[in-house]
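Undergrad: Next come a sequence and a model predicted from it.
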Amino acid sequence: MTGETQTTPKTRVLALVSSPGNRRVLVDWIRNASAYSLVSPPEEDVERLPAFDVCLVDRSGLQRSAEAIRRSQRGERTFLPCLLVEERGRSLEGLGPSLRSLIDDVVTAPINPDRLQFRIDTLARRRHLSEELWDAEERYRRLFELAPNAKLLVEDGEIESTNRAAEQFFQRESASLSGVPLERFVAAADRAPLRRLLENAPAEVAVDGPLFRTVNFEVGDRTAICEVAAVRTGEGDELLVLVQDATERIERERRLELYRRAMDEAAIGVTITDPGLPDNPIIYVNEKFGEITGYDRQEALGRNCRFLQGERTDEASVARLRRAIDAEEPVSEILVNHRRDGEPFYNALDVMPVTDASGTVTNFLGFQRDVTEWVRNRRRLSVLDRVLRHNVRNRMNVVTGYAEQLIEHDDPAVRTAAERILDAGEDLLGQSETARHFRDVVSDESATETRDLVVDVFDAIEEIRSGYPDVPVHTSLPNEAPIRGDQGVPLAVVETVENAVEHGEPPVIVRIDPGPDETRLSVTDRGEGIPEQEHTVFGDAEERPTSHAGGVGLWLVRWTVERIGGRIEYSDEDGTTVELYFSTAADESNVDR
């Protein structure tokens, strides 16, 4: 057998024997014994003895060194024995209770070496066992004190002591918790279950750990959802009670369950994929996904989403999706997918990356919406729009052409009617053309950018003055006014100023007031105001066909401004004022001029 052998440390023996004969015999015997090491006796009248495991002392030595022995025993954390060498036939009663309390065993003289060795070894073993017990208790104390969860020693339902975590949980120091019934901190409905838990506490912990029960604690002004377990310590009726504050975890689990149910019951298809697995497969689909595609959950799980593609799927859309996913960026596409039975459908797909706390993409979340009917209706409306615009333009050109001929009629009544017809026709053609311009800009889906509102106002005024040279337009403008807008802003500005020039009373005043968050464009004239039936454009109500009254110009302005996050307001307290509010651009260095 090989390996290191563990040597047992020698027992340190201190000899405080005053009798010269006994002292000489004992010292020689200790020195010759391999299991012991002799501790040199102290000088006379010392206050503290040197370190030892067993002290040999006779009556004279005991009387002389009693205080030093007592001081050593009190200062020692474990059992520190004292062996009295006593003359045969002498009684210990003569020592008195104070000295007798220092003695743990007696050996009589003349000394029998075997008996002496037995006494010393027995006392040394007791001391060694007491050190092991103290070490175990100290480890338990440190574990109890430093445990991250609240731990309490409870007897007869009252708290005896707590660790630091319990002090933090109860928001009180351990001393103020001592003697307080544990039930005082428990919600009324949970007190009876807690009592049963404590009454049935086991003497030993099961292999798979203690049995925890959920208990609501009321600590201060908050309710904590806790998991509680109890086990008997073996010290009478004392219990070790463990309290784990599970409020955050349980609330987190409830939120996750809520999110799961929300996704399961969502009105759109939801998928989650795992790019950490080969081919980025689907690991979750909700019921709506199955309704849209015809594939049940088991058929979809483990497959890449491309299984929905088919012969009518646009390769350009697929390429954009792949580039965005490879770049770990969000992406939205409308593409043709195919149901389980092969039927094509238009899928409005939104894909976004999901990251962990470190910013690493762990999953992709996908939303699917069947927009087949929406695409079809949009195409139908587009065709209808082209037909109507073509017919309106052609028919109204015929109407205005005849009206121009009738203006030369000899009958004044006919001329008056012809002029009204011509004005109405030209107004309708103008509105149609305005709507077409706005439609072209809005359908272009141009990106919002930083642009100078002052430049847009100057361009609008220059365009309007060519058609209304006799109407004075005054301005109050800063050097520049950077806003966030798109290509629809110039059309909104032209329509607003032209409406004041055409229908209001001069002069028309155009003013720009930049602010830290919003920039205001106000257009004021001295007219009687916008007809009341058109005031709905400035309210919060949803527009209806009957709301547009005589024209669509202001509605088009509102739609354009709201599309970029702005708003429109109106006032007729001092003339007629229409105000457009735009988001002020934070960075003025990239103004589009």
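TA: That came through fine.
Undergrad: which residue ranges form the helices in the stretch 351-500 of the chain?
TA: Assigned by DSSP state H, counting those that start in this stretch, the stretch 351-500 of the chain shows helices spanning 372-406, 412-443, 453-467, 489-503.
Undergrad: Show the model's pLDDT score for the closest residue to residue 362 other than its chain neighbours.
TA: Residue nearest to residue 362 in three dimensions, not counting chain neighbours: residue 356, with 5.1 Å by CB to CB, 6 or more residues apart in numbering. C-beta: built from backbone N, CA, C; applies to glycine. pLDDT for residue 356: 93.
Undergrad: Could you list the low-pLDDT ranges of the protein?
TA: Counting by pLDDT under 70, the chain contains low-confidence ranges at 1-7, 43-46, 143, 145-146, 380-393, 430-447, 532-537, 539-552, 587-593.
Undergrad: Mind splitting it into its structural domains?
TA: The domain map for the chain lists 11-142, 147-252, 267-370, 375-438, 447-590, with the assignment taken from automatic domain parsing.
Undergrad: Which one of these lies nearest to residue 258?
TA: domain 147-252 (10.3 Å; CB to CB).
Undergrad: give me phi/psi at residue 241?
TA: phi -110, psi 130 (degrees, to the nearest 10).
Undergrad: List the contacts of it.
TA: By CB atoms under 8 Å, 6 or more residues apart in numbering, the contact list for residue 241 reads 151, 152, 153, 154, 182, 198, 228, 229, 230.
Undergrad: OK, contacts around the fifth one?
TA: Contact analysis of residue 182 by CB under 8 Å, 6+ apart lists 152, 154, 157, 158, 159, 194, 198, 241.
Undergrad: Could you find the closest non-adjacent residue to the third one?
TA: Nearest-residue entry for residue 157: residue 181, 5.4 Å, with adjacent residues in sequence omitted and distances by CB to CB, 6+ apart.
Undergrad: how much space between that neighbour and residue 306?
TA: Residue 181 sits at a distance of 65 Å from residue 306 (criterion: CB to CB, to the nearest Å).
Undergrad: before we move on, what about residue 36?
TA: Distance of residue 36 to residue 306, computed by CB to CB: 84 Å.
Undergrad: ok, now residue 167?
TA: As defined by CB to CB, residue 167 lies at a distance of 58 Å from residue 306.
Undergrad: And residue 265, by the same measure?
TA: Here the distance between residue 265 and residue 306 works out to 27 Å (CB to CB).
Undergrad: Same question for residue 475.
TA: From residue 475 over to residue 306 the distance is 58 Å, taken as CB to CB.
Undergrad: Also residue 423?
TA: As it turns out, when the distance is counted by CB to CB, residue 423 lies 60 Å from residue 306.
Undergrad: re the thing from before, these two touch, right, the residue nearest to residue 157 and residue 158?
TA: Yes. The pair formed by residue 181 and residue 158 meets the contact definition of CB atoms under 8 Å, at 5.5 Å.
Undergrad: Of these two, which one has the most company?
TA: When neighbours are counted by other CB atoms under 10 Å, residue 181 and residue 158 differ, and residue 158 comes out ahead with 16 against 13.
Undergrad: which ones are touching that one?
TA: 179, 180, 181, 182.
Undergrad: That one pairs with what?
TA: On DSSP bridges, the residues paired with residue 158 through beta bridges are residue 155, residue 181.
Undergrad: And it, how far from residue 399?
TA: From residue 158 over to residue 399 the distance is 99 Å, taken as CB to CB.
Undergrad: same question, residue 459
TA: Taken as CB to CB, the spacing of residue 459 relative to residue 399 amounts to 33 Å.
Undergrad: quick one: which of these two has more around it?
TA: When residue 459 and residue 399 are compared on other CB under 10 Å, the one with more neighbours turns out to be residue 399, at 17 against 13.
Undergrad: Was I right to think the more buried one contacts residue 425?
TA: Yes. At 4.9 Å, residue 399 counts as touching residue 425 under the criterion of CB under 8 Å.
Undergrad: just the domains of the chain: most buried one?
TA: Here the criterion is mean neighbour count by mean count of other CB atoms under 10 Å, and of those the winner is domain 447-590, at a mean of 17.
Undergrad: distance of residue 522 from residue 577?
TA: Residue 522 sits 6 Å away from residue 577 when distances are taken as CB to CB.
Undergrad: Residue 176: helix or strand, and which one exactly?
TA: Mapping residue 176 onto the secondary structure by DSSP states H and E places it in helix 174-177.
Undergrad: contact partners of that helix?
TA: Under the criterion CB under 8 Å, 6+ apart, residues 152, 159, 161, 162, 163, 166, 167, 170 lie in contact with helix 174-177.
Undergrad: Check those residues and tell me the two furthest apart.
TA: By the measure CB to CB, 161 and 170 form the most distant pair in the contacts of helix 174-177, at 12.5 Å.
Undergrad: which residues touch the helix or strand encompassing residue 253?
TA: With elements taken from DSSP H and E, the one containing residue 253 is helix 247-264. Outside helix 247-264, the residues that touch it by CB under 8 Å, 6+ apart are 224, 225, 226, 270, 284, 286, 287.
Undergrad: Does the second one touch residue 213 like I think?
TA: This means residue 225. No. Between residue 225 and residue 213 there is no contact, the gap being 11.5 Å when judged by CB under 8 Å.
Undergrad: ok so, going back, now render the helices of the stretch 351-500 of the chain as a markdown table, adding distance to residue 352.
TA: Putting those into a markdown table (distance: least, CB to CB, whole Å) gives the following:
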| stretch | distance to residue 352 |
| --- | --- |
| helix 372-406 | 21 |
| helix 412-443 | 25 |
| helix 453-467 | 34 |
| helix 489-503 | 30 |
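Undergrad: Which of those sits closest to residue 363?
TA: That would be, of those and by CB to CB, helix 372-406, which comes in at 27.8 Å.
Undergrad: that older thread, ok, now which ones touch the residue nearest to residue 157?
TA: 157, 158, 159.
Undergrad: Among those, find me the one that's closest to residue 189.
TA: The shortest approach to residue 189 among these belongs to residue 157, at 17.6 Å (CB to CB).
Undergrad: I'd like the distance from the closest one to residue 194, if you could.
TA: Per CB to CB, residue 157 is found 9 Å from residue 194.
Undergrad: Tell me the residues that contact both of those two, please.
TA: With contacts taken as CB under 8 Å, 6+ apart, residue 157 and residue 194 have 182, 183 as neighbours in common.
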